[in-house]
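Visitor: Sequence and predicted model, in that order:
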Amino acid sequence: MHEHSGGYGGGMGINSTSLSDLLAPTIRERKPSKMGLDVMGGYRRDSAVHLGDLPGDTPECCEPHEPTPHNSSIAGDNVGMVREESCSNLFDDLIQTEDTQPDKSEFEDKYALVGNGPLGEGTFGLVWRCTPKGKLKEVREDKEFAAKIVRKARLQPRDMKYLLGEDGEVKLHLTMKHPHICELLEYFDEPGTVTLILEYCRGGDLFDAIVAQSKTTGRGFTEKQAIIASKHVLSALQYLHRQKVVHRDIKCENILLKHTGIAVEDNIFKLCDFGFAAHDSGDGLSDRLGSPDTVAPEIVVGTKYSTPVDMWSAGVLVYMMLSATPPFYAPTDNEVLRKVKTGSYNLSGEPWDSLPKPPKDLIASLMTVDPKKRPSADEALSCGWLS
Ligand code: ADP
Ligand code: MG
């Protein structure tokens, strides 16, 4: 994905403007989700598309930003979890379009959507299960795929570029072939929609896996489970970073479990969602984007950054896996980002006091405010806890 040109330049500190403004989503609609999770406190968060847009530089489609209530934990407090839905009526629109369009789309010629509801909600559309039709059935090894359907009407011109441009999500994701990266097989660029055909990961995402675990045990992942998931995520990052690709949105919602009905420790974790990914050609990146819980301090501060931002987020993931709690808890995004900036998180109390030193050492090294001091994916993979 290209560096955004309209955002803040490096050095624009968080004091210069409201942090809530920095997080205002430019395109996304924030609505209460139909799929509310009624368990264990915690919430799914949307990624902020352009953290760095100056207030007033916001496209008309924006809703005024309400600071997201920041519930304390995934485990523990019984506060309601709400999945924020980006676009709840995509499928209805597709059906209506189908009725009025004489030419069926190429996507619909080749695939049929299945299931009573979407697998997930994305920033610009929904993700559905689908099966290949006709001849394609024999060609395709798998019988089921995930279709990420993005509605063009929801995209700003620059977002179209980030999706379909030379270094955009689609082109970049197509080149990513790795056992721990959800494969993008093909895509359809049609008049109203762009549809990405992805390897289907049946086990849901890491967010739901952590919530499910905390629901049954009152705790996060076991060390064994967290080791497996961490190794898989880090090996995907090792692959990306060797190619100078920065994912920029490593978070629980973007890590999928390949299998369903299989224990976490026997599952395969796969990285998805290259919507924010970008090549760093050597100059560093400067767009201020990401999700408040997982964004690295250097992005919040506004300095140039590179692959270490993903390592910070990986540290947050390990923290969340083991504790079922976000490391930065505050009632508003502003306060969360203030804590991120100074790296104010806790590795004491439960479950930390009951855990051995090695996983805490890994978290502390990954979640080091100075990006130069953070381990690379190679280094993290060879740490005592994982090797
Ligand atoms: P966005 O860019 O809008 O965040 P994602 O690509 O992350 O969209 O997809 C949104 C959600 O859809 C994911 O968090 C996940 O729950 C679900 N999802 C995405 N891809 C797949 C897939 N290949 N298999 C199963 N579920 C998926
Ligand atoms: Mg996502």
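Guide: All right, it came through fine. Ligands and ions are numbered 1, 2, ... in the order given.
Visitor: quick check, Thr131 in a strand?
Guide: Yes - the assignment for Thr131 is a strand, going by DSSP: H, G, I helix; E, B strand; the rest coil.
Visitor: That one and Ile197, how far apart?
Guide: For Thr131, the distance to Ile197 equals 11 Å [CB to CB, to the nearest Å]. Quick note: C-beta positions are derived from backbone N, CA and C, even for glycine.
Visitor: Next, show the common contact partners of the two.
Guide: Tyr111, Phe145 (CB atoms under 8 Å, 6 or more residues apart in numbering).
Visitor: who's more crowded, those two?
Guide: Neighbours were counted for Thr131 and for Ile197 using other CB atoms under 10 Å; Ile197 has more, 21 against 17.
Visitor: quick one: secondary structure of that one?
Guide: Going by three-state DSSP: Ile197 is strand.
Visitor: ok and the residue in the chain nearest ligand 2?
Guide: Nearest to ligand 2, among the residues of the chain, is Asp273, at 3.7 Å (CB to the ion).
Visitor: Give me the pLDDT value at the nearest residue to that residue once chain neighbours are set aside.
Guide: Distances taken as CB to CB, 6 or more residues apart in numbering put Asn254 closest to Asp273, at 4.2 Å, once the chain neighbours are dropped. On pLDDT, Asn254 comes in at 97.
Visitor: got the phi/psi numbers for Asn116?
Guide: Asn116 adopts backbone torsions of phi -90, psi -10, taken as degrees, to the nearest 10.
Visitor: Tell me, how many residues neighbour it?
Guide: 5.
Visitor: what helix or strand does the residue of the chain closest to ligand 2 sit in?
Guide: Applying DSSP states H and E as the criterion places Asp273 outside every helix and strand.
Visitor: Which residues are in contact with Gly284?
Guide: With CB under 8 Å, 6+ apart, Gly284 has these contacts: Lys304, Tyr305, Ser306.
Visitor: quick one: Pro375 and Ile363 touch, right?
Guide: No - at 11.2 Å, Pro375 does not count as touching Ile363 under the criterion of CB atoms under 8 Å.
Visitor: and the stretch 151-300 of the chain, which of its residues are near ligand 1?
Guide: Neighbours of ligand 1 within the stretch 151-300 of the chain, by CB under 6 Å from any ligand atom: Cys182, Leu198, Glu199, Tyr200, Cys201, Asp205, Glu253, Asn254, Leu256, Cys272, Asp273, Gly275.
Visitor: For the third one, which non-adjacent residue is closest in space?
Guide: What it means is Glu199. Glu183 (4.2 Å).
Visitor: For the one you found, the count of nearby residues, please.
Guide: 19.
Visitor: before we move on, what about the one 5 residues further on?
Guide: By the measure other CB under 10 Å, the count of residues near Phe188 is 18.
Visitor: what helix or strand is it on?
Guide: strand 184-189.
Visitor: contacts for that strand?
Guide: With CB under 8 Å, 6+ apart, strand 184-189 has contacts from 105-107, 145, 164, 170, 173-174, 176, 194-199, 274.
Visitor: Closest residue of the protein to ligand 1?
Guide: For the chain and ligand 1, the shortest gap (CB to the nearest ligand atom) falls at Gly120, measuring 2.0 Å.
Visitor: pLDDT below threshold where in the stretch 151-300 of the chain?
Guide: In the predicted model of the stretch 151-300 of the chain, no residue satisfies pLDDT under 70.
Visitor: So which bits of it are right by ligand 2?
Guide: Near ligand 2, the residues belonging to the stretch 151-300 of the chain are Asn254, Asp273 when assessed by CB under 5 Å from the ion.
Visitor: residue ranges of the helices in the stretch 151-300 of the chain, please?
Guide: Applying DSSP state H, counting those that start in this stretch to the stretch 151-300 of the chain gives helices spanning 157-164, 169-174, 206-217, 223-242, 297-301.
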